[in-house]
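*Asks:* Next comes the sequence, and after it the predicted model I'd like to discuss.
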Amino acid sequence: MHMGDMMDRSTSGRRRDVRRVTFVLPQVGGAQQQCSGHCSGINAMCVLKQPADSGSLMRLWTASRDSLVKVWDCNGTQSVESAVCVGEYEGHIDWVNDVVVVNRDLVATCSSDCTVRVWSDQLHGSLECYSGHSDYVTGLCCPESDDARLFSCGLLGEVFQWDLSGGKRKPVESLSKKDVGSNSVYSIACDVSGNLVSAGSASGVVYMMDTRTGRVEFELMGHGDTVRDVVMSSDGSTLVSGSSDHTVKVWDTKQRRCIHTLAMHTDSVWCIEKVDSDARVIFSAGKDGCVYKTDTRDLMCDLVVREKTPVTALSAGHGFGAVWVGTEESSVRCYSDAEDIDESRACTVGSLPSLRSRKIFESTGDCHPLPTCSDASVTIPGIPAIVDVNLLTDKLHVLSKDSEGHVGLWDVAKACKIKEFGVCDFVEKQREMFDPTQSALTWFQPDSSLGVVAGHLTPSNCFSCETYTRQLGYENAPADEKVNLAEQMLNILFSRWKKAKTQGSDEDMTFNLDDDGSTSVFKFAEGVSPAVMVSGDDHSVPWKKSCWEMDGSEDVPEWVVRCIMRHEYPVSKQLKMSFVLMPLKGSNLPSMSQSRLTAPRVLQVQKMVEYVAKRLEGKGYECSKEPIYWSQNEDKGPKKSPSKKKKHFIVLTCNGMTVPWDFTLAAVRQWMWKRPEDLHIEYSFRSSSDSIVLPKIKIPI
């Protein structure tokens, strides 16, 4: 497992007073959505040899930063030749940091959403969700001789022991709080009996705990930085640890001392995987991208493979001469590896890099030898992760960039990508897509931490944005009809849940929302299945599910229930704004009977022009209207025949600049007025020969 970026991330996984709802837009749709690879980095993996009659050599579980755990059947004759996805575990709402097989029927996972989940290996979904950790859960281990106990570790110095047989959702015992304090724990391992547990901490100390007494018996000190991973021999006599100080240490736990310090890596060591039960031969990998195989007694090591990106997860293909490698990219690769280290090309590794054998290093001109594997025997391709997002000014479209530099445009109301721009400059594309005619308030917080486009909704600010229904493509809707964007999103996300609650479940439901009773004007694209994530609190656990798979049993936050069932939600004062409408000084036009007005933020200037014209015509003025748009090259209205008669066109100005008709009231305030007091807009007449001064807007990027 890899916790390299854990301290740099936001505390999105911690429980909140108000439960947050998040929608997740899939990068692929339809049947490909479940059968595809991960769309973010791999944090952990584990393998299990399958029975002879199972039809596969081994089963592989991959845990990712995309919040999913995928299950793969690995096939071949004598070695792994292919991997087929047979299912996935969906339930966590943040990075999945570790995965372990408790026995052949149970799989346990832990996440940055502060929970531990236990799943059925038969892919029947989550059996239990255990809460108790107060921060990210970073690692798991279980004793080989006992299928009823599980150990977990996390930030804030938490190490818990769980009883899986009793179905208790709270930890049986906290093993570390009294002795470790708030020193965050990043890795955990135990012996075959589960009596001895080791925990690697952020201070570089490895704590050795006796589960029978619940106390830290002794400490192994020597690392100069965070201990990222630990493995223990079955009898508990040997411990191997990898650290951010670039070293791997071998410990004799009976003598309570370090017996070897291995320095084959040139950067942080993030993963350790033992090949045999006595932890004599290990794989190690980390930020330098190198996967080394080392005999910890003879101190011989060999470079198996060198990845282009940091290695974040390892799993040995026990009995098949293979090692699975996961990186910060979304793909997973399997490399064939000999059971024994080739002494003819291996090097001796000591406590300092200078002690390594130079016979290979000098020939490569590098600080690492040539790898034994150049190509992977099996590659499970992933989807490039979304690494950056930008919410456009209409607050309905999101610009994204993936890890390969491809830029795309997403329509939130359709829950899909609507345009691909290829590889291009992300900032320049933001400038190109900038549209000052809109100035909608942000109703969801865009996020790409899971490698996908996601949006967070909270009741305190998500109901602060509305738009005219016609703006969403409903041309026959009443001109003044407005919809609240958050309400529309919640209505479509929870339409299946609402129908199940009110009418019962329907096994024949299709993607046709009209059959679901959804009142939302949002219409997701055909075949697209967005996921819904709901955070937990002191009384509820977090959960994640496809919006089309809800059956009414889900624990939906009360504020969402009020919105979708009773149309009750807090009305934001920001939906409307006050402004002053007066004649331009020197225009000799009359003032309105009421100059201080209140209108929706989304009111378009064109409607204000019509309002002014109607009032002036009522006072005997002859008014003509000639549209003025932000983009003068865009044809947004019917062309009128030229007239020899001199006409007086109504024009609105703000701060001496002509107000474009396609601006909203909020856009005028943000881009033209730029003052805290009420907006002032002035009206006057202009002739066809008068110059038009449009606002000069600096793109805020």
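*Replies:* Noted; the coordinates are in hand. Note that this is a predicted model, so its numbers are computed, not measured.

*Asks:* State the number of residues packed around R117.
*Replies:* By other CB atoms under 10 Å, the residues close to R117 number 26. (C-beta placed from N, C-alpha, C; glycine too.)

*Asks:* Quick check: phi and psi on it?
*Replies:* phi -120, psi 140 (degrees, to the nearest 10).

*Asks:* That one is in contact with A108, isn't it?
*Replies:* Yes. Using CB atoms under 8 Å, R117 makes contact with A108 at a distance of 7.1 Å.

*Asks:* tell me the secondary structure for W548?
*Replies:* Under DSSP: H, G, I helix; E, B strand; the rest coil, the three-state class of W548 is helix.

*Asks:* Skipping its backbone neighbours, what lies nearest it in space?
*Replies:* Closest residue to W548 apart from its sequence neighbours, by CB to CB, 6 or more residues apart in numbering: S529 at 5.2 Å.

*Asks:* quick one: the one you found is in a helix?
*Replies:* No. Checked against three-state DSSP, S529 lies outside a helix; its state is coil.

*Asks:* now it: how far from G91?
*Replies:* Using CB to CB, to the nearest Å, S529 is found at 16 Å from G91.

*Asks:* Also G382?
*Replies:* Separation of G382 from G91 (CB to CB): 20 Å.

*Asks:* same deal with G455?
*Replies:* 20 Å.

*Asks:* P143 too?
*Replies:* 25 Å.

*Asks:* in the longest helix along the chain, what counts as buried?
*Replies:* The residue-count maximum for a helix in the chain (DSSP state H) belongs to helix 605-617. Residues of helix 605-617 classed as buried by neighbour count (16 or more other CB atoms under 10 Å): 605-609, 611-613, 615-616.

*Asks:* Can you name the next helix or strand after the lowest-mean-pLDDT helix or strand in the chain?
*Replies:* Ranking every helix and strand in the chain by mean pLDDT, DSSP states H and E puts helix 358-364 at the bottom, with a mean of 43. Remark: after helix 358-364, the chain's next helix or strand is strand 378-380, criterion DSSP states H and E.

*Asks:* Assign the residue nearest in space to the middle of the chain to helix, strand or coil.
*Replies:* Centroid check for the chain by CA atoms, centre = their mean gives L450 as the closest residue, at 1.9 Å. The local conformation at L450, judged by three-state DSSP, is coil.

*Asks:* State the distance from it to M533.
*Replies:* Counting by CB to CB, the gap from L450 to M533 is 9 Å.

*Asks:* Need the residues touching each of those two.
*Replies:* Common contact partners of L450 and M533 (CB atoms under 8 Å, 6 or more residues apart in numbering): 24, 67.

*Asks:* Reformat the buried residues of helix 605-617 as CSV; add distance to I650 and pLDDT.
*Replies:* Listed next are the buried residues of helix 605-617 as CSV, based on distance: CB to CB, whole Å; pLDDT from 0 to 100:
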residue, distance to I650, pLDDT
V605, 11, 94
Q606, 11, 93
K607, 12, 93
M608, 10, 94
V609, 5, 94
Y611, 10, 94
V612, 6, 95
A613, 6, 93
R615, 10, 93
L616, 8, 93
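
*Asks:* for those residues, which one is nearest D678?
*Replies:* Nearest to D678, judged by CB to CB, of these is M608 at 14.8 Å.

*Asks:* S193: how many residues sit nearby?
*Replies:* Number of residues near S193 (other CB under 10 Å) recorded here: 15.

*Asks:* what sits against it?
*Replies:* Contact partners of S193, counting by CB under 8 Å, 6+ apart, are 143, 145-146, 236.

*Asks:* Same check on V325?
*Replies:* Counting by CB under 8 Å, 6+ apart, V325 has contacts 285, 291, 305, 307, 311, 313-314, 332-335, 376.

*Asks:* tell me the secondary structure for it?
*Replies:* strand.
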